[in-house]
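Visitor: fold the stuff below for me.
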Amino acid sequence: MPGGRLTQQERQQIALGLADSLPYAEIARRLDRPTSTVTREVMRNGGATGYRADLAHRATERRTRRRGPTRAVESVPPPHGRDARAVAEYEETFTTVLMATGLNKMGSRVLTCLFTSDSGSCTASELARRLQVSPASISKAITFLESQSLVRRERDERRRDRYVVDDELFYQATIASARANDQLIETARQGVALLGPDSPAAARLENIARFLDFISESIIRAAEQARQVLHNGPGQSGQAASRS
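Guide: Reported below is the predicted structural model:
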(Lines give C-alpha, C1' and ligand atoms only; values in the text may rest on other atoms or scores of the structure.)
Protein backbone atom coordinates (compact mmCIF):
# COMPACT_ATOMS: atom_id res chain seq x y z
CA MET A 1 0.00 0.00 0.00
CA PRO A 2 1.49 3.36 -0.90
CA GLY A 3 2.38 5.70 1.91
CA GLY A 4 3.23 9.35 2.28
CA ARG A 5 1.31 12.31 0.97
CA LEU A 6 -1.21 12.08 -1.82
CA THR A 7 0.13 12.87 -5.28
CA GLN A 8 -1.50 15.32 -7.65
CA GLN A 9 -2.60 12.39 -9.83
CA GLU A 10 -4.26 10.71 -6.85
CA ARG A 11 -6.09 13.93 -6.06
CA GLN A 12 -7.36 14.05 -9.63
CA GLN A 13 -8.64 10.49 -9.22
CA ILE A 14 -10.41 11.53 -6.03
CA ALA A 15 -12.06 14.42 -7.86
CA LEU A 16 -13.20 12.07 -10.63
CA GLY A 17 -14.57 9.63 -8.08
CA LEU A 18 -16.53 12.39 -6.35
CA ALA A 19 -17.90 13.54 -9.70
CA ASP A 20 -19.17 9.98 -10.23
CA SER A 21 -20.75 10.01 -6.74
CA LEU A 22 -18.55 7.15 -5.55
CA PRO A 23 -18.36 6.59 -1.78
CA TYR A 24 -15.09 7.44 -0.05
CA ALA A 25 -14.41 3.74 0.63
CA GLU A 26 -14.59 2.89 -3.08
CA ILE A 27 -12.34 5.81 -4.04
CA ALA A 28 -9.86 4.70 -1.39
CA ARG A 29 -9.97 1.11 -2.64
CA ARG A 30 -9.13 2.24 -6.17
CA LEU A 31 -6.20 4.27 -4.85
CA ASP A 32 -5.08 1.52 -2.47
CA ARG A 33 -5.28 4.05 0.34
CA PRO A 34 -7.06 3.98 3.73
CA THR A 35 -10.61 5.36 3.62
CA SER A 36 -9.62 7.79 6.38
CA THR A 37 -7.00 9.34 4.09
CA VAL A 38 -9.57 10.09 1.39
CA THR A 39 -12.16 11.32 3.92
CA ARG A 40 -9.65 13.68 5.53
CA GLU A 41 -8.41 14.94 2.15
CA VAL A 42 -11.91 15.76 0.92
CA MET A 43 -13.27 17.27 4.13
CA ARG A 44 -10.32 19.62 4.62
CA ASN A 45 -10.46 20.81 0.99
CA GLY A 46 -14.01 21.93 0.33
CA GLY A 47 -16.05 18.78 0.99
CA ALA A 48 -17.59 16.42 -1.54
CA THR A 49 -19.24 19.20 -3.55
CA GLY A 50 -16.40 21.73 -3.42
CA TYR A 51 -13.31 19.56 -3.81
CA ARG A 52 -10.88 20.63 -6.56
CA ALA A 53 -7.76 18.55 -7.12
CA ASP A 54 -5.46 21.41 -8.17
CA LEU A 55 -6.57 23.68 -5.32
CA ALA A 56 -6.22 20.86 -2.80
CA HIS A 57 -2.69 20.10 -4.00
CA ARG A 58 -1.58 23.73 -3.75
CA ALA A 59 -3.18 24.09 -0.31
CA THR A 60 -1.30 21.04 0.96
CA GLU A 61 1.99 22.42 -0.35
CA ARG A 62 1.34 25.73 1.41
CA ARG A 63 0.54 23.96 4.69
CA THR A 64 3.71 21.90 4.41
CA ARG A 65 5.87 25.01 3.86
CA ARG A 66 4.27 26.79 6.84
CA ARG A 67 4.88 23.88 9.20
CA GLY A 68 8.62 23.86 8.60
CA PRO A 69 10.73 21.29 10.49
CA THR A 70 8.74 18.83 12.57
CA ARG A 71 9.01 19.49 16.28
CA ALA A 72 10.17 16.70 18.54
CA VAL A 73 7.26 15.35 20.54
CA GLU A 74 7.53 13.19 23.62
CA SER A 75 6.65 9.67 22.52
CA VAL A 76 4.11 7.93 24.76
CA PRO A 77 3.13 4.40 23.73
CA PRO A 78 -0.66 4.24 23.17
CA PRO A 79 -2.62 1.95 25.51
CA HIS A 80 -4.15 -1.41 24.63
CA GLY A 81 -1.52 -2.12 21.97
CA ARG A 82 -3.01 0.41 19.56
CA ASP A 83 -1.19 1.47 16.40
CA ALA A 84 -0.04 5.03 17.19
CA ARG A 85 0.04 6.08 13.54
CA ALA A 86 -3.41 4.68 12.82
CA VAL A 87 -4.79 6.43 15.91
CA ALA A 88 -3.24 9.75 14.85
CA GLU A 89 -4.75 9.42 11.35
CA TYR A 90 -8.14 8.59 12.82
CA GLU A 91 -8.00 11.60 15.16
CA GLU A 92 -7.19 13.89 12.23
CA THR A 93 -10.08 12.43 10.24
CA PHE A 94 -12.49 12.79 13.15
CA THR A 95 -11.39 16.40 13.68
CA THR A 96 -11.95 17.19 10.00
CA VAL A 97 -15.43 15.66 10.03
CA LEU A 98 -16.36 17.64 13.16
CA MET A 99 -15.20 20.81 11.41
CA ALA A 100 -17.52 19.99 8.53
CA THR A 101 -20.46 20.15 10.97
CA GLY A 102 -19.64 23.80 11.70
CA LEU A 103 -17.28 23.57 14.68
CA ASN A 104 -14.08 25.59 14.52
CA LYS A 105 -10.76 23.77 14.27
CA MET A 106 -9.65 24.09 17.89
CA GLY A 107 -13.03 23.10 19.27
CA SER A 108 -13.00 20.07 16.97
CA ARG A 109 -9.48 19.11 18.08
CA VAL A 110 -10.44 19.37 21.75
CA LEU A 111 -13.57 17.26 21.25
CA THR A 112 -11.60 14.64 19.33
CA CYS A 113 -9.03 14.52 22.11
CA LEU A 114 -11.75 13.98 24.72
CA PHE A 115 -13.73 11.45 22.69
CA THR A 116 -10.67 9.31 21.97
CA SER A 117 -9.43 9.41 25.56
CA ASP A 118 -10.38 6.25 27.49
CA SER A 119 -11.25 8.35 30.55
CA GLY A 120 -13.36 10.76 28.50
CA SER A 121 -11.89 13.67 30.43
CA CYS A 122 -8.79 15.89 30.51
CA THR A 123 -7.58 18.96 32.36
CA ALA A 124 -6.75 22.13 30.44
CA SER A 125 -3.02 21.49 30.88
CA GLU A 126 -3.39 17.93 29.58
CA LEU A 127 -5.26 19.19 26.52
CA ALA A 128 -2.69 21.92 25.87
CA ARG A 129 0.17 19.43 26.17
CA ARG A 130 -1.46 16.81 23.97
CA LEU A 131 -2.51 19.27 21.27
CA GLN A 132 0.66 21.41 21.60
CA VAL A 133 -1.22 24.69 21.85
CA SER A 134 -1.40 27.48 24.39
CA PRO A 135 -3.67 27.32 27.48
CA ALA A 136 -5.47 30.38 26.11
CA SER A 137 -6.44 28.45 22.98
CA ILE A 138 -7.81 25.61 25.11
CA SER A 139 -9.73 28.04 27.32
CA LYS A 140 -11.38 29.71 24.32
CA ALA A 141 -12.33 26.37 22.78
CA ILE A 142 -13.74 25.02 26.05
CA THR A 143 -15.83 28.16 26.59
CA PHE A 144 -17.49 27.66 23.22
CA LEU A 145 -17.97 23.90 23.67
CA GLU A 146 -19.58 24.45 27.08
CA SER A 147 -21.97 27.01 25.58
CA GLN A 148 -23.10 24.33 23.11
CA SER A 149 -23.48 21.67 25.85
CA LEU A 150 -20.75 19.60 24.18
CA VAL A 151 -18.50 19.29 27.24
CA ARG A 152 -19.07 19.32 31.00
CA ARG A 153 -16.78 20.77 33.68
CA GLU A 154 -16.02 18.79 36.86
CA ARG A 155 -13.61 19.17 39.78
CA ASP A 156 -11.31 16.24 40.49
CA GLU A 157 -9.84 15.18 43.85
CA ARG A 158 -6.99 17.70 43.39
CA ARG A 159 -9.55 20.48 42.83
CA ARG A 160 -8.55 20.85 39.18
CA ASP A 161 -11.13 21.51 36.50
CA ARG A 162 -11.60 18.50 34.25
CA TYR A 163 -13.48 18.70 30.97
CA VAL A 164 -15.67 15.69 30.34
CA VAL A 165 -17.59 14.13 27.48
CA ASP A 166 -20.03 11.33 28.22
CA ASP A 167 -23.08 9.66 26.74
CA GLU A 168 -25.56 12.05 28.38
CA LEU A 169 -23.92 15.04 26.69
CA PHE A 170 -24.98 13.72 23.29
CA TYR A 171 -28.59 13.89 24.42
CA GLN A 172 -28.20 17.34 25.96
CA ALA A 173 -26.42 18.74 22.89
CA THR A 174 -29.17 17.37 20.63
CA ILE A 175 -31.88 18.99 22.74
CA ALA A 176 -29.96 22.29 22.86
CA SER A 177 -29.55 22.23 19.08
CA ALA A 178 -33.27 21.66 18.57
CA ARG A 179 -34.18 24.42 21.01
CA ALA A 180 -31.87 26.83 19.18
CA ASN A 181 -34.64 27.14 16.59
CA ASP A 182 -37.15 28.46 19.14
CA GLN A 183 -36.10 32.11 18.87
CA LEU A 184 -36.17 31.99 15.07
CA ILE A 185 -39.64 30.42 15.15
CA GLU A 186 -40.91 33.10 17.53
CA THR A 187 -39.36 35.91 15.48
CA ALA A 188 -40.82 34.55 12.24
CA ARG A 189 -44.31 34.51 13.79
CA GLN A 190 -43.86 38.08 15.01
CA GLY A 191 -43.26 38.94 11.36
CA VAL A 192 -46.48 37.18 10.37
CA ALA A 193 -48.46 39.38 12.76
CA LEU A 194 -46.64 42.52 11.63
CA LEU A 195 -46.84 41.95 7.87
CA GLY A 196 -50.42 40.77 7.86
CA PRO A 197 -51.58 37.13 7.65
CA ASP A 198 -52.79 37.47 4.05
CA SER A 199 -49.54 38.79 2.58
CA PRO A 200 -47.07 36.59 0.64
CA ALA A 201 -44.25 37.61 2.98
CA ALA A 202 -46.26 36.57 6.03
CA ALA A 203 -47.14 33.25 4.40
CA ARG A 204 -43.45 32.63 3.74
CA LEU A 205 -42.50 33.38 7.34
CA GLU A 206 -45.31 31.19 8.66
CA ASN A 207 -44.11 28.29 6.50
CA ILE A 208 -40.60 28.73 7.88
CA ALA A 209 -41.93 28.77 11.45
CA ARG A 210 -44.07 25.68 10.90
CA PHE A 211 -41.21 23.80 9.24
CA LEU A 212 -38.70 24.57 12.01
CA ASP A 213 -41.28 23.86 14.70
CA PHE A 214 -41.99 20.44 13.21
CA ILE A 215 -38.28 19.65 12.84
CA SER A 216 -37.49 20.71 16.42
CA GLU A 217 -40.32 18.71 17.94
CA SER A 218 -39.39 15.66 15.85
CA ILE A 219 -35.75 15.86 16.98
CA ILE A 220 -36.72 16.23 20.63
CA ARG A 221 -39.19 13.35 20.45
CA ALA A 222 -36.62 11.12 18.74
CA ALA A 223 -33.93 12.10 21.24
CA GLU A 224 -36.19 11.19 24.16
CA GLN A 225 -36.98 7.81 22.60
CA ALA A 226 -33.34 7.10 21.75
CA ARG A 227 -31.88 8.32 25.05
CA GLN A 228 -31.79 4.82 26.50
CA VAL A 229 -29.51 3.71 23.64
CA LEU A 230 -26.77 5.89 25.12
CA HIS A 231 -26.96 4.03 28.41
CA ASN A 232 -27.24 0.46 27.10
CA GLY A 233 -24.48 -1.81 25.88
CA PRO A 234 -24.17 -2.60 22.16
CA GLY A 235 -26.07 -5.84 22.57
CA GLN A 236 -28.99 -4.11 24.25
CA SER A 237 -29.48 -1.23 21.78
CA GLY A 238 -31.48 -3.22 19.24
CA GLN A 239 -33.71 -4.68 21.96
CA ALA A 240 -34.36 -1.22 23.42
CA ALA A 241 -35.24 0.18 19.99
CA SER A 242 -37.65 -2.66 19.25
CA ARG A 243 -39.51 -2.07 22.51
CA SER A 244 -39.89 1.68 21.98
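Visitor: flag the shaky bits of the protein, pLDDT-wise.
Guide: By pLDDT under 70, the low-scoring segments of the chain are 1-3, 63-79, 233-244.
Visitor: swap the cut-off to 50 and go again
Guide: Along the chain, the model assigns pLDDT under 50 to residues 1, 70-74, 237, 240-241, 244.
Visitor: gap between the spatially most distant residue from the centre of the chain and Val192?
Guide: Note on the chain: the largest C-alpha distance from the chain mean falls to Asp198, namely 42.1 Å (C-alpha atoms, centre = their mean). When distance is defined by C-beta to C-beta, to the nearest Å, Asp198 is 10 Å away from Val192. In this view, the C-beta of every residue, glycine as well, is placed from N, C-alpha and C.
Visitor: give me the sheet partners of whichever strand or helix holds Glu154 and which way each runs.
Guide: Element membership of Glu154 [criterion: DSSP states H and E] is strand 152-155. Neighbouring strands of strand 152-155 in its sheet, by DSSP bridges, are strand 161-164 (antiparallel).
Visitor: list the buried residues of the following helix or strand past the partner strand.
Guide: Next helix or strand after strand 161-164 toward the C-terminus (DSSP H and E): helix 167-179. Going by neighbour count (16 or more other C-beta atoms under 10 Å), the buried part of helix 167-179 is Leu169, Phe170, Tyr171, Ala173, Thr174, Ile175, Ser177, Ala178.
Visitor: which elements pack onto the helix or strand just after helix 167-179?
Guide: Of the helices and strands lying after helix 167-179 in sequence (DSSP H and E), the nearest is helix 182-195. Helices and strands touching helix 182-195, by 3 or more C-beta pairs under 8 Å, 6 or more residues apart in numbering; DSSP states H and E, are helix 200-226.
Visitor: all set now, cheers.
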